[in-house]
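Trainee: Give me a 3D structure for the following:
(chains A and B)
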Amino acid sequence: MKFTIGWLKEHLDTQKKDNELIEKLTNIGLEVESFENLSSSLDSFKVAKIINAEQHPNADRLRICDVDIGLDNTVKVVCGAPNAKKDLLTIYAGPGSIIPKNNMKLSVSKIRGVTSYGMLCSESELNLSNESEGITELSTSKYSDKIGKNFFNSNTEKVVDLSITPNRPDCLGVRGIARDLAAAGVGKLKKISLKNIKNNGSQKIKVSITKDKNQGCTVFGSCLIEGVTNEESPKWLKEKIISLGQKPISAIVDITNYVMLDLNRPLHAYDADKIDKEIIVRNSKKGETFEALDNKEYKLGDDMCVISDKSGVLGLGGIIGGTRSGTEINTKNILLESAYFIPRSIRKTSKLLNIDTDAKFRFERGIDTQSIELGLSKAAQLISEICGGKISNFDIQKTDKHEKNKIKFNVFLFEKITGFKVNDNEIIKILTDLGFEVTKEKFELELKIPTWRPDITQSIDIVEEIVRIIGYENIETLQPEKTKIKDTLNVQQKLFHFLQRSVASKGYFETVTWSFTDSKINKLFKENLKEIKIVNPISSDLDVLRNSIFTNLTFYLKKNLDRGFKDISLFEIGPIFKDNKPGEQLTVIGAIKSGKISRLNWNEKDRVVDVFDVKRDVIQTLVEAGYDRQSFFVKDESPSYYHPGKSGSIYLDKDEIEPVAFFGEIHPNILKKLDIKTEGLVGFEIYMDYLKENKIKLKDLKTNFEYSDYQKSERDFAFVVDKNFKAQDLIEIISSIDKNLIRSIKIFDIYEGENIPQDKKSIALNVTIQSSEKTLEESDLEKINKLIISTVETKSGAKIRS
Amino acid sequence: MSDLKKIKDEYLNKLDSDLHIESVNQIKTELFGKNGKISNSFKTLGSLPNDERKKFASDLNSIKDELQDKINSKLKEIETKEINSKLENEKVDVTLPEREFSRGKIHPVSQVIDEISSIFSEIGFSVEEGPDIENEHYNFTALNTPDNHPARDMHDTFYLDNNKELLLRTHTSPVQVRTMLNGKPPFKIIAPGRTYRSDSDQTHSPMFHQVEGLHIDKDINMGHLKGCLNYFIKSFFEVDKIKMRFRPSHFPFTEPSAEVDIGYEIKNGKIVIGEGDKWLEILGCGMVHPNVLKNVKVNPDKYQGYAFGIGIDRLGMLKYGINDLRAFFETDYRWLNHFGFDPLDVPSNYRGLSR
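Mentor: Residues are numbered from 1 along each chain as shown, chains lettered A, B, ... in the order given. Okay, here's the model as predicted:
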């Protein structure tokens, strides 16, 4: 909402300085976005004279003009206007100027090889008229002595731009703003002075509001003004309209706009001669069409509130008028409409048709139901003053009386909510200044709510009115209490934080990427999950919710590879989605690692990252989080985006149904499809939702410390087993032989090749044997040795390698 | 006796010269071996007459001790020499680079969330979460923003179905609704998380992070709200004093509502929080609207309290001098390395929020 201080002062009697008013506005909830001198931007438009105009060497339609702008030297301007010729007086805009029509900022530029310093402007570019055919032609008699002077009268008034919250339609008019300021004590609200206008005779065009279901119009006021001369607006009105960044059109249109900006009372003017007999306010029927003032043809659905005549739809009530009945410069008789439309109906229709207009914006927030006649009076008076004409009586059709709403307000509520006390008289004064009718009954105030405040419906709204006018600075700052109702984090949240930092401590950079992704990438990772489309994506390559963290990780990995990085470790912890319903999501850690370990290292040989790098990271992360490595169970099954032979899944226990993690090399096909070029790419995923709560708490875990000081012995074995026999099973067989004696098993070599059958491999391992009761004798060791060999051979079909 | 003296002098002399360890061992054998000169002398003891034997034995022993000491010290000397010469040859260039160690980084958003949680933990808040996908009831209607409310236009919503029933939450406020529906007052929670709006330009990202706060009890008023936020902002920016301004505003789910600005100034191109006379809007808040309480089956005549919503990314940008919001989500390795945090830097109360 824009206005000038001068305009504000038409409603507010105040001695306060501008900056005090500005500060007050913000303090009472009318946020000031900017307070700027509008004239400064118009000061760069100068009266100028073309001294010489010659053909541009490289363009038929362009001319190079030498322009006198009142300085010692002329400037060169390249101009495409057909009327740019020698001796023409026109308007020049220098580099840095901002063209009002399109807010384009001019700069020195080369046009087809010739440098142009600024621009010669058309009337349309300056919002002076619609004339865009050529540059402005100024009359010699008026302007020949003004070359180099500002074309626009220097207007020193600053423009205030307020950001009005949707609950305050009343402040979409200057008067509403003045009323708030007056209530806040910076001035007095002036009375609206209306000269008596002579109403001559009845309004001859019959108006009716039909009793349709959900009729969107409840009041339709109108008057006929006959014999007007529509012309350009007078200077004061034009300047008012321009000062708010709008474009003057004609007196009638400008006046209706002016009243709207002044009182937040939208009006509509019809060319009365174009109305077919009568006005009928009714619901539309599906398929009806009309051409609106934005020059678009709209096809209507059922039950939209339209203003129509005998021939059909004239306009959408409270949203936009139609071209058929629009006023023009030669309009003689006008019908002025001042009506009330129900916000819900306005919102529904404008959404369906996707129309946004000033009127719609206001009606949808709620217009003062009692401003019908005021609007007609003010506009009719201005029209008759500027355009002449005879004003008819006002015709007001009503289906709802719109009586003022009442509420009872208990003054104690104020202190209860805000924490501080205000005396009753001050409360009453504030409310009265805001337009409430107040009756005091003991501790209760009976309030009649002003009709321009549709947002106020209950006591809490009254509290807000009082506290915002008194000022939020009066609220005390109370020290926060430290009492806790429950633990800050629950188990799952603690785990989240722990895992996040645990993974990061293993060399992975945490990233945060969008929860949506490109469906093409998502397809590579979605497995059997449902694709979840976004109906209105921000762009076509962010069109689905991600089914896997890897979608975005691989995408951004590629970007970093393209930046020249090679050895990259990234992870993200966040949601993936199973369906489009609330709660159908899982929290997953995804991590990827590319390139080599020890690249370009002087003392270690480099190698490509492999499945055991990520297996270490994922297992170590789980172990750090408190899960027991001894009970982990690894399967060689994994989603299809992993290399089938070099990936696996981890179960917290052999008997668990859901794996808690996957790890492995990423499938080469994925790299090919995503055009990822790297020596190696591995990754892992941890599904947080499947991680069971650790039953053993740290405090329980720490109670028993048992150790053995008896001598330990180590024995090496090499077993020849089938090639696909799993090391995990071999370890399981050995460790379960005697859990008391066998302390650890380490695999130190895997061998295939010479001396070993083709379909076999040799696994060499080292077993540590120690008793907690005695030092083992050679014979004890021999016994366990034999037992290990015989058990492994029977259970796995392995042969001890001799 | 003179023989012994001769032997002693001869060998002491020998041992004074520059010898290898082998030569010393040789001497040792020559003197104390099976047929060593000293060993043999001891063998002659028995054949000496009594009166001579005593003196001879005493002399012999003292010569033996003297030679043995000399040998031992010579051996030690050689050993030290050898170690020293070995060390000389083993010298490496310690200025060569160390073995690689890579620790990752924590994203600033995560770090800031942890900082926020730590601060609110201190004043008794617990952390709640809610789903990223919401239905329109939880995201809007229950929050006193019915379908015909123009405030909905302030949220550019991503929809997941054509009926506009399912959507990506546009704010963390639905967590308020879920928390209150699932429990009984009092409530004292924060809810950090991802939020989404179909808005994308220099200062808007289609996904961003918010933290919701909610404190409902019997007598929680705007003074508590002010105190809580004042405490939070001061703790977060790690300053002793903060300039804060509460301005009336409007949100459908709070009444009265406020926006909060903090004072700042620009010093050497960097933003300094808490000083200066410029204002920066950082959050929205207010007293929870009675309609919202009714919607979640909390009696507004008995309970009242405040709620707030803060942009996490923006807080992080201000605190750590990050200029571009969009960079948060672009996974530039250089950016992550620069703005990321060491995972061992866990924000906590006892050791401070940040280093």
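Trainee: Output the longest helix belonging to chain A.
Mentor: helix A:778-796 (DSSP state H).
Trainee: Need the residues that contact that one.
Mentor: Helix A:778-796 is contacted from outside by A:713, A:715, A:717, A:719, A:721, A:725, A:729-730, A:733-734, A:737-738, A:741-742, A:767, A:769, A:771, A:798-800, using CB atoms under 8 Å, 6 or more residues apart in numbering or on different chains. C-beta: built from backbone N, CA, C; applies to glycine.
Trainee: Nearest spatial neighbour of the closest residue to chain A within chain B, chain-adjacent residues omitted?
Mentor: Proximity of chain B to chain A (CB to the nearest CB) peaks at residue B:248, 3.0 Å away. Distances taken as CB to CB, 6 or more residues apart in numbering or on different chains place residue A:29 nearest to residue B:248, at 3.0 Å, with adjacent residues excluded.
Trainee: okay, now the closest residue to chain B within the stretch 101-250 of chain A: neighbour count?
Mentor: In the stretch 101-250 of chain A, the residue found nearest to chain B is residue A:165; the distance is 3.5 Å by CB to the nearest CB. Other residues lying near residue A:165 total 23 when counted by other CB atoms under 10 Å in any protein chain shown.
Trainee: Provide a list of residues in contact with it.
Mentor: With contact taken as CB under 8 Å, 6+ apart, residue A:165 is in contact with A:29, A:31, B:249-250.
Trainee: Dump these into JSON lines; add pLDDT as well.
Mentor: Below are those laid out as JSON lines (pLDDT from 0 to 100):
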{"residue": "A:29", "pLDDT": "93"}
{"residue": "A:31", "pLDDT": "93"}
{"residue": "B:249", "pLDDT": "95"}
{"residue": "B:250", "pLDDT": "93"}
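Trainee: Which member of those residues is positioned nearest residue A:276?
Mentor: residue B:250 (43.7 Å; CB to CB).
Trainee: My understanding was that the closest one contacts residue A:169; is that so?
Mentor: No: between residue B:250 and residue A:169 there is no contact under CB atoms under 8 Å: 11.7 Å.
Trainee: And the chain, what are its domain boundaries?
Mentor: Since no chain was named, I'll use chain A. With domains defined by automatic domain parsing, chain A comprises A:2-38+A:156-189, A:40-143, A:206-398, A:406-469, A:491-690, A:708-800.
Trainee: looking at chain B here, not the other one
Mentor: B:2-89, B:108-339.
Trainee: and those, which one's lowest on average pLDDT?
Mentor: Across the domains of chain B, domain B:2-89 has the smallest mean pLDDT, namely a mean of 84.
Trainee: Need the CA coordinates for the longest helix of chain A. PDB is fine.
Mentor: Extracted in PDB, the C-alpha atoms of helix A:778-796 (Å, rounded to 0.1, in the frame of the first residue of the first chain):
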ATOM      1  CA  GLU A 778      50.500 -78.000  25.400                       C
ATOM      2  CA  SER A 779      48.100 -80.900  25.500                       C
ATOM      3  CA  ASP A 780      45.100 -78.600  26.000                       C
ATOM      4  CA  LEU A 781      46.100 -76.500  23.100                       C
ATOM      5  CA  GLU A 782      46.600 -79.600  20.900                       C
ATOM      6  CA  LYS A 783      43.200 -80.700  21.800                       C
ATOM      7  CA  ILE A 784      41.500 -77.500  20.900                       C
ATOM      8  CA  ASN A 785      43.600 -77.300  17.800                       C
ATOM      9  CA  LYS A 786      42.300 -80.700  16.600                       C
ATOM     10  CA  LEU A 787      38.800 -79.800  17.600                       C
ATOM     11  CA  ILE A 788      38.900 -76.700  15.400                       C
ATOM     12  CA  ILE A 789      40.200 -78.600  12.400                       C
ATOM     13  CA  SER A 790      37.700 -81.400  12.800                       C
ATOM     14  CA  THR A 791      34.700 -79.200  13.400                       C
ATOM     15  CA  VAL A 792      35.500 -76.900  10.500                       C
ATOM     16  CA  GLU A 793      36.000 -79.900   8.200                       C
ATOM     17  CA  THR A 794      32.800 -81.600   9.200                       C
ATOM     18  CA  LYS A 795      30.600 -78.400   9.200                       C
ATOM     19  CA  SER A 796      31.900 -76.700   6.100                       C
END
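Trainee: Let me know the next secondary structure element after that helix.
Mentor: Per DSSP states H and E, the first helix or strand lying C-terminal to helix A:778-796 is strand A:799-800.
Trainee: you'd agree residue A:234 is up against residue A:386?
Mentor: Yes: at 6.2 Å, residue A:234 counts as touching residue A:386 under the criterion of CB under 8 Å.
Trainee: Looking at those two, which one has more neighbours?
Mentor: Using other CB under 10 Å, the more surrounded residue of residue A:234 and residue A:386 is residue A:386, with 20 against 13.
Trainee: The more buried one and residue A:207: what is the separation?
Mentor: Using CB to CB, to the nearest Å, one gets 25 Å for the distance from residue A:386 to residue A:207.
Trainee: ok now do the closest residue to residue A:531 other than its chain neighbours, which residues does it touch?
Mentor: Leaving aside its sequence neighbours, residue A:531 sits nearest to residue A:544 (CB to CB, 6+ apart; 5.6 Å). Each residue near residue A:544 by CB under 8 Å, 6+ apart is listed here: A:516-519, A:522, A:531-534.
Trainee: Could you do residue A:453 as well?
Mentor: Listed by CB under 8 Å, 6+ apart, the contact set of residue A:453 reads A:170, A:434-435.
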